[in-house]
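Colleague: what follows is a predicted structure for the sequence shown.
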Amino acid sequence: MKKYQTDAERLEARRLSKKKYNCSLKGKATAKAYWSSDAGRLVSRSFDGGEKRKVLKRKYLQSVSGKKIKAIWDRKYSLVESSIAKRSIRRKLEHNRAVTKKYVTEHRDMYSASNAITKLNRLKRVPKWVGPEEIWLMKEVYSLAALRTKMFGFDWHVDHVIPLQGKRVSGLHVPTNLRVIPATENLAKYNGFVV
């Protein structure tokens, strides 16, 4: 038995052998016997073309060879499916941004109050000994997060190693407490303190 290097070679060999079999006298006799039997007549008469095709396709995809073909198809076209998923996610993001913008404009007072409280809490966490050099370093950390987001194509956040409002421990808003990490890690961490 010949071993094929790729799935494509194996599929081509299978297609050629089926074509050869279907053109042979034995293949023609088998097909004629099936379509003249009760099962063949039932399949050909009871369905219109579209339904018949759907039933046969569903039956084929449940077979072993059908599952293999489907796996090859999925590998080949997974990029297309992922781009469709990305478009869907982008549409949802645009919708969420529009809803947020509408909410902010309608509830400007509440939004401003919330931002003011957040800024005040952060200012409370900045000690008096922080000078202009430390403030410059903190600005650089935030610009590094923006640069990494732009370079890598996914969000990076500035994380406080010891959270500012943690349940067990609270840190300070100083350069030594800041680090730049991917957004997924930061959101998973939330206000927790990981040693």
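Modeller: Received it, and whenever you're ready, just let me know what you need. Only a predicted model underlies this, so the values are computations on that prediction, with no experimental measurement involved.
Colleague: and residue 145, how far from residue 172?
Modeller: When distance is defined by CB to CB, to the nearest Å, residue 145 is 19 Å away from residue 172. Yep, even glycine has a C-beta here, placed from its N, CA and C like the rest.
Colleague: the two: which is more packed in?
Modeller: Neighbours were counted for residue 145 and for residue 172 using other CB atoms under 10 Å; residue 145 has more, 21 against 15.
Colleague: need the three-state assignment for the more buried one.
Modeller: Look at residue 145: counting by DSSP: H, G, I helix; E, B strand; the rest coil, its state is helix.
Colleague: per-residue confidence at it?
Modeller: Residue 145 is assigned 90 on the pLDDT scale.
Colleague: now do residue 40
Modeller: 63.
Colleague: what does residue 179 give?
Modeller: Value listed for residue 179 in the pLDDT field: 91.
Colleague: tell me the secondary structure at it.
Modeller: With three-state DSSP as the criterion, residue 179 reads strand.
Colleague: for it, what are its contacts?
Modeller: Residues counted as contacts of residue 179 (CB atoms under 8 Å, 6 or more residues apart in numbering) are 141, 158, 159, 161.
Colleague: most surrounded residue in these?
Modeller: residue 159 (19 neighbours).
Colleague: distance of that residue from residue 133?
Modeller: Applying CB to CB to residue 159 and residue 133 gives a distance of 21 Å.
Colleague: what of residue 16?
Modeller: Counting by CB to CB - residue 16 and residue 133 are separated by 75 Å.
Colleague: do the same with residue 69
Modeller: 64 Å.
Colleague: who has more neighbours, these two?
Modeller: Using other CB under 10 Å as the criterion, residue 69 and residue 133 rank with residue 69 on top: 16 against 9.
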